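K.L.:
the amino acid sequence is not available; the structure is as follows:
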């Protein structure tokens, strides 16, 4: 059976992935196509079809079903097989092809080992698990903004953010940048801008091809405050009919309306632009003939005044006194390009708080509705995207929370210890040397002979010096201990181990028969699933017994015999009708 399972693993190992989509029927060899996943980018939609070609038999035994149990993906991605209607079960005797579609938007950059768990059934075995891996790289976000005036790289982003700006109109005379964060720049290519807090920032960009600035002067008001010696004779005996003229370089450019039959003060409002390079004269007139009073003769010229560009109060114009005001306005150059755009900086999620329940060997965090990604010893655990994570390896764990904007917050690192019941150290003898195998890395060893500790013996090998019962306690780097089998050494005689219990049939369907050597009589019998849960326990009272397994779910289990300081473990396969 061991040889069959090894070959099964080699045959199926090329199926390290699969599930939904358009099948590539050009592939005929057993395996996954494509054999590597294309790179993804945070914030960018990801879609990939995987075709797998299944083997139909091995060592003369037919495969009857392949069940895709799970595909562990980076947070933000999901999978679907192309036959969800039958629970992702594939019968290779009907068709050797299957397909899986991976899609979504990845939220967190990193290099992930995408794990695919497949349960394989043969005519003699069912529910045998295989876990396969395929690497997937998710690149960081390359968010940017582009418009007519400038490009920015690094936004939208999560606070704090450093955003780089590039000028789309190089080579002009002048630039003005207002980045919305309190910083102003006049550089053609400004330095990167720091945005420490979340918010929406208005960026204003102006580019000038020329810097010509013009001053505009406007005569906007004139008042005649007094006037004398007008009318048909002297002294005047009629009411005034005043108006004025403005001459530019001796040429008439403006003449006001007549304010008739009203003595000063009289006033006009106007909007006459003045050229600072020209000479202007104001002439004050009193209308007679032009106002329909021919009896008084021609219009009376009261006098003139050279116009001052900045205005004048109480200035004389012949027999008249006038006030006038001017307005000055600076006309700035017209920009070639003006652009306004926004930079959006998102808030981070709150820092996740993680705890470890050593009894359930489960890590957890309050579920605040974010996406989650668990890390083990600094590397992301593919598919570990829930608020809880069951620990099967001791080590340093941390959690990343990802909000809908793709912003992340990192928890502190927590050490979680899990002492696996499936790692059973084995003690054997080889040419006068005892060897401990099947141990954790960086483990320490404590040897005993006939129950007494042997000093100064910390390696995984021990040279035999005398007869007796040898045993070794193995302690891993996290303090988990495991005791090997007891090995009897008799110098000059071959080494003997206590005969282990015998179990049959394996696989078992309805009953599992057990034959116990006398050394194991009175031991505790436990059946444990692959998650460490004890599904059956019983103390043995006879050397032969039969355990009903028809109510235990089909799958792979560990059967464990424990008596005092001895323990024996074996893998069993249950194919029940349940």
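P.N.:
Okay, I see it. Keep in mind it's a predicted model, so treat the numbers as computed, not measured.
K.L.:
tell me where the model's unsure across the stretch 201-350 of the chain.
P.N.:
Within the stretch 201-350 of the chain, the ranges that satisfy pLDDT under 70 run 231-238, 290, 292-296.
K.L.:
what do you get for the chain?
P.N.:
Judged by pLDDT under 70, the stretches of the chain that qualify are 1-20, 128-131, 142-144, 231-238, 290, 292-296, 491-498, 530-531, 565, 576-578.
K.L.:
which stretches of it form helices?
P.N.:
Using DSSP state H, the helices of the chain run over 2-12.
K.L.:
tell me the domain ranges of it?
P.N.:
2-139, 160-210+332-346, 214-331, 348-416, 426-497, 502-574 (automatic domain parsing).
K.L.:
neighbours of the spatially closest residue to residue 382 that is not a sequence neighbour, how many?
P.N.:
Counting by CB to CB, 6 or more residues apart in numbering, residue 382 lies nearest to residue 72, which is 4.0 Å off, once chain neighbours are set aside. Bear in mind the C-beta positions are built from the backbone N, C-alpha and C, glycine included. Around residue 72 there are 19 other residues, counting by other CB atoms under 10 Å.
K.L.:
for residue 72, give the beta-bridge partners.
P.N.:
With DSSP bridges as the criterion, residue 72 is bridged to residue 115.
K.L.:
wait, it sits on residue 380?
P.N.:
No - if you go by CB atoms under 8 Å, residue 72 and residue 380 don't touch, sitting 10.1 Å apart.
K.L.:
can you verify my assumption that residue 523 contacts residue 541?
P.N.:
No - in this structure residue 523 lies outside contact range of residue 541 using CB under 8 Å: 10.2 Å.
K.L.:
overlap of the contact sets of those two?
P.N.:
The contact sets of residue 523 and residue 541 do not overlap (CB atoms under 8 Å, 6 or more residues apart in numbering).
K.L.:
who has more neighbours out of the two?
P.N.:
In this view residue 523 and residue 541 are compared by other CB under 10 Å, and residue 523 has more residues nearby, 21 against 9.
K.L.:
number of nearby residues for the closest residue to that one other than its chain neighbours?
P.N.:
Closest residue in space to residue 523, ignoring its immediate chain neighbours: residue 563 at 3.8 Å, by CB to CB, 6+ apart. As a burial measure, residue 563 scores 17 neighbours (other CB under 10 Å).
K.L.:
so residue 563 versus residue 501, what's the distance?
P.N.:
10 Å (CB to CB, to the nearest Å).
K.L.:
swap in residue 281?
P.N.:
128 Å.
K.L.:
cool, residue 376 as well?
P.N.:
Taken as CB to CB, the span from residue 376 to residue 501 is 35 Å.
K.L.:
likewise residue 256?
P.N.:
For residue 256, the distance to residue 501 (CB to CB) stands at 124 Å.
K.L.:
next up, phi/psi of residue 478, please.
P.N.:
phi -100, psi 10 (degrees, to the nearest 10).
K.L.:
list the contacts of it.
P.N.:
The contact partners of residue 478, by CB under 8 Å, 6+ apart, come to 394-395, 415, 417, 419.
K.L.:
for ChimeraX, what selects the buried ones among those residues?
P.N.:
The ChimeraX command for the buried members of the contacts of residue 478 (criterion: 16 or more other CB atoms under 10 Å) is given here:
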select :394,395,417,419
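K.L.:
and the contacts of residue 478 as TSV, adding distance to residue 138?
P.N.:
Formatted as TSV, the contacts of residue 478 follow (distance: CB to CB, whole Å):
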residue	distance to residue 138
394	27
395	22
415	27
417	30
419	33
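K.L.:
give me the number of residues near the nearest residue to residue 119 once chain neighbours are set aside?
P.N.:
Nearest non-adjacent residue to residue 119, counting by CB to CB, 6+ apart: residue 67, 4.4 Å away. Residue 67: 18 surrounding residues under other CB under 10 Å.
K.L.:
and what of residue 64?
P.N.:
18.
K.L.:
tell me what the residue nearest to it when sequence neighbours are not counted is bridged to.
P.N.:
Nearest residue to residue 64, sequence neighbours excluded (CB to CB, 6+ apart): residue 121, at 4.7 Å. Beta-bridge partners for residue 121, by DSSP bridges, are residue 65.
K.L.:
sorry, back to before: more neighbours: which of residue 256 and residue 501?
P.N.:
Using other CB under 10 Å as the criterion, residue 256 and residue 501 rank with residue 501 on top: 20 against 17.
K.L.:
that one and residue 516: what is the separation?
P.N.:
5 Å.
K.L.:
overlap of the contact sets of these two?
P.N.:
523, 561.
K.L.:
report the contact partners of the residue nearest to residue 382.
P.N.:
Applying CB under 8 Å, 6+ apart, we find residue 72 in contact with 114-117, 381-384.
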